[in-house]
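Trainee: starting from these lines, generate the structure:
(one chain, ligands or ions: 1)
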Amino acid sequence: MDPLSKPVYVTQPAMPPFEEFSDYLRKIWDNKILTNNGPFHEQFEKELAAYLGVEYLTLFANGTLALVTALQALHITGEVITTPFSFVATTHSLWWNNIKPVFADIEKDFFNLDPDATEAAITPQTTAIMPVHVYGNPCMLDRFQQLADTYGLKLIYDAAHAFGVTVKGNSILNFGDLSILSFHATKSFTTIEGGAIVCHDEKTKHRIDFLKNFGFENETSVIEPGINAKMNELQSAFGIVQLKHVDQYLRKRKSVADLYRQELAEIKGIRFLNDIEGVRHSYTYFPILVDALDYGKTRNNVYDGLKKYNIISRRYFYPLISQFPTYRGLYSARKGSLPVAESVTEQVLCLPLFPDLESNTVLGICDLLRTQDF
Ligand code: T4K
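Mentor: Take a look at the predicted model:
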């Protein structure tokens with residue numbers, strides 16, 4: 001294979017037909033409502049909740065502000081047990097709330113927070129658990145609920161990768177106390193920047209609505225210091241248009257993932273994740289694990305090798321969050337205490353996956369992985 005003339009990135013947003021969006025832009029231009037709970041915001045919030053099969057959903061400007069506000073909404077303090085194997089925003093949301101992150105190890109099958117390691121990390125200061133459905137694969141939902149019930153803890157899921165994921169037909173967002181979503185440009189459903197919190201009762205939704213709007217309950221009353229995390233009308237309109245096409249995008253993503261699996265199946269030293277029976281997946285990422293001994297090359301060799309061909313894969317998630325300067329001094333971050341995460345972070349590589357990715361490019365990437373011609 002010759003190097004590609006244009007770079008192929010780990011992801012690329014699927015763009016809806018321009019004319020569909022320009023109709024909405026015209027309306028925004030005409031009515032001059034740009035933000036603060038405008039008509040498209042209202043419409044999108046309703047349509048999105050219906051699409052996802054949830055009752056109470058609040059839109060946000062991005063996923064990080066949704067995480068920060070979720071913790072505030074439930075008055076979380078003290079210590080929260082979370083995963084080191086995620087995007088750094090997961091733990092940053094604790095930092096912004098003055099909460100101490102406690103890292104627990106991940107499990108070997110899907111790299112989600114391990115419930116046994118979580119239980120072992122509970123102390124009298126623990127108030128909540130914050131697992132992440134990494135790559136959109138469901139955490140061990142029953143086990144986490146059991147832990148939350150037994151120890152009286154709140155359960156907040158970072159579902160940034162889990163758009164549209166269902167378990168036996170039920171939205172994954174219906175588990176735990178709260179779930180947050182991200183609609184960043186790199187996600188399987190996007191509003192450019194954007195996010196949401198899903199909760200399960202009207203009172204909590206009202207509180208979240210206030211908190212994302214400076215804490216305003218009405219024109220003159222502020223319930224507590226909230227933040228400005230509102231989604232604007234352009235983002236909301238983009239979301240309305242994207243929603244009309246998202247099923248098609250998800251189908252295309254699945255076919256790319258299936259092709260990778262078919263082509264990579266026989267390569268010694270390369271492992272990938274399979275779909276789970278009864279789960280509708282989001283196909284946000286296609287991670288592989290490179291076992292240097294069996295494959296004969298390291299993950300970093302593959303990352304650099306693909307780059308020579310203009311294929312820009314990504315090491316999501318390397319380094320671990322617990323290895324960043326802000327967090328590495330924590331007792332739970334000490335070297336050797338998170339053995340599974342420490343091993344996975346050295347082996348993982350996310351290959352390009354997006355709806356418009358051509359089959360020939362996937363076949364070329366798989367050929368390179370097979371022949372190691374880099
Ligand atoms: N929790 C979890 C588990 C998360 O993964 C994230 C975000 C969050 C919370 C926080 O949600 P947000 O506050 O972001 O809504 C990206 C994203 O910025 C971030 O949203 C995402 N996770 C994280 C895993 O990845 P980068 O720095 O790796 O993205 P970047 O800009 O390098 O983009 C990757 C590739 O995508 C580029 O090489 C080209 C392509 N791309 C990117 C953008 C932005 C496009 O083709 N078009 C674009 O507009 O962080």
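Trainee: from the chain's centre, how far out does stretch 238-249 sit?
Mentor: Centroid separation between stretch 238-249 and its chain, computed with Cα atoms, centre = their mean, to the nearest Å, is 18 Å.
Trainee: give me the contacts around that stretch.
Mentor: Applying Cβ atoms under 8 Å, 6 or more residues apart in numbering, the set of residues contacting stretch 238-249 from outside is 14, 16, 20-21, 24, 40, 43-44, 47-48, 51, 59, 163-164, 183, 188-192, 194, 231, 355. Every C-beta, even on glycine, is put in place using the N, C-alpha and C of the backbone.
Trainee: show me what residue 196 is bridged to.
Mentor: residue 59, residue 181 (DSSP bridges).
Trainee: okay, the residue lying farthest from the centre of the chain: pLDDT?
Mentor: Most distant residue from the mean C-alpha position of the chain: residue 220, 36.0 Å away (Cα atoms, centre = their mean). Predicted confidence (pLDDT) for residue 220: 96.
Trainee: which residues does it contact?
Mentor: The contact partners of residue 220, taken as Cβ under 8 Å, 6+ apart, number zero.
Trainee: am I right that it falls within a helix?
Mentor: No - read with DSSP: H, G, I helix; E, B strand; the rest coil, residue 220 is coil and lies in no helix.
Trainee: residues of the stretch 1-150 of the chain that sit close to the ligand?
Mentor: Applying Cβ under 6 Å from any ligand atom, we find that the stretch 1-150 of the chain lies next to the ligand at 9-13, 62-64, 86-87, 89-90, 132.
Trainee: of those residues, buried ones?
Mentor: Buried members of those, counted by 16 or more other Cβ atoms under 10 Å: 10-11, 13, 62-64, 86-87, 89-90, 132.
Trainee: among the residues you listed, which are in strands?
Mentor: Of these, none are assigned to strands by DSSP state E.
Trainee: let's see which of those residues end up in helices.
Mentor: The helices, defined by DSSP state H, take in 63-64, 89-90 from those.
Trainee: need the contact partners of stretch 312-320.
Mentor: For stretch 312-320, using Cβ under 8 Å, 6+ apart, the contacting residues are 7-10, 84-87, 134, 285, 287, 299, 302-303, 306-307, 338, 341-342, 345-346, 348-352.
Trainee: okay, how far is it across it, tip to tip?
Mentor: Stretch 312-320 has its terminal residues 20 Å apart, counting by Cα to Cα, to the nearest Å.
Trainee: could you do stretch 335-343 as well?
Mentor: End to end - Cα to Cα - stretch 335-343 spans 11 Å.
Trainee: got it, and stretch 273-287?
Mentor: End-to-end for stretch 273-287, by Cα to Cα: 7 Å.
Trainee: and the residue of this structure closest to the ligand?
Mentor: Closest approach between the chain and the ligand, counting by Cβ to the nearest ligand atom: residue 63, at 2.7 Å.
Trainee: quick check: chain neighbours aside, which residue is closest to that residue?
Mentor: Of all residues not flanking residue 63 in the chain, residue 182 sits nearest, at 2.9 Å (Cβ to Cβ, 6 or more residues apart in numbering).
Trainee: how near is the closest residue to residue 168 other than its chain neighbours to residue 194?
Mentor: Closest residue to residue 168 apart from its sequence neighbours, by Cβ to Cβ, 6+ apart: residue 278 at 4.8 Å. Counting by Cβ to Cβ, to the nearest Å, the separation of residue 278 from residue 194 is 29 Å.
Trainee: quick one: which of these two has more around it?
Mentor: Neighbours around residue 278 and residue 194, counted as other Cβ atoms under 10 Å, are more numerous at residue 194. The numbers are 29 against 11.
Trainee: ok now do the more buried one, which residues does it touch?
Mentor: Counting by Cβ under 8 Å, 6+ apart, residue 194 has contacts 59-63, 182-184, 231, 235, 239.
Trainee: I'd say the residue nearest to residue 63 and residue 59 touch.
Mentor: No - with contacts counted by Cβ atoms under 8 Å, residue 182 stays clear of residue 59, the gap being 11.9 Å.
Trainee: now do the shared contacts for those two.
Mentor: Common contacts of residue 182 and residue 59, defined by Cβ under 8 Å, 6+ apart, comprise 194-195.
Trainee: find me the pLDDT at the residue nearest to residue 168, would you?
Mentor: On the pLDDT scale, residue 278 is placed at 97.
Trainee: still on that earlier bit, could you dump the residues of the stretch 1-150 of the chain next to the ligand into JSON lines and include pLDDT?
Mentor: Shown next, in JSON lines, are these (pLDDT from 0 to 100):
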{"residue": "9", "pLDDT": "98"}
{"residue": "10", "pLDDT": "98"}
{"residue": "11", "pLDDT": "98"}
{"residue": "12", "pLDDT": "97"}
{"residue": "13", "pLDDT": "97"}
{"residue": "62", "pLDDT": "98"}
{"residue": "63", "pLDDT": "98"}
{"residue": "64", "pLDDT": "98"}
{"residue": "86", "pLDDT": "98"}
{"residue": "87", "pLDDT": "98"}
{"residue": "89", "pLDDT": "98"}
{"residue": "90", "pLDDT": "98"}
{"residue": "132", "pLDDT": "98"}
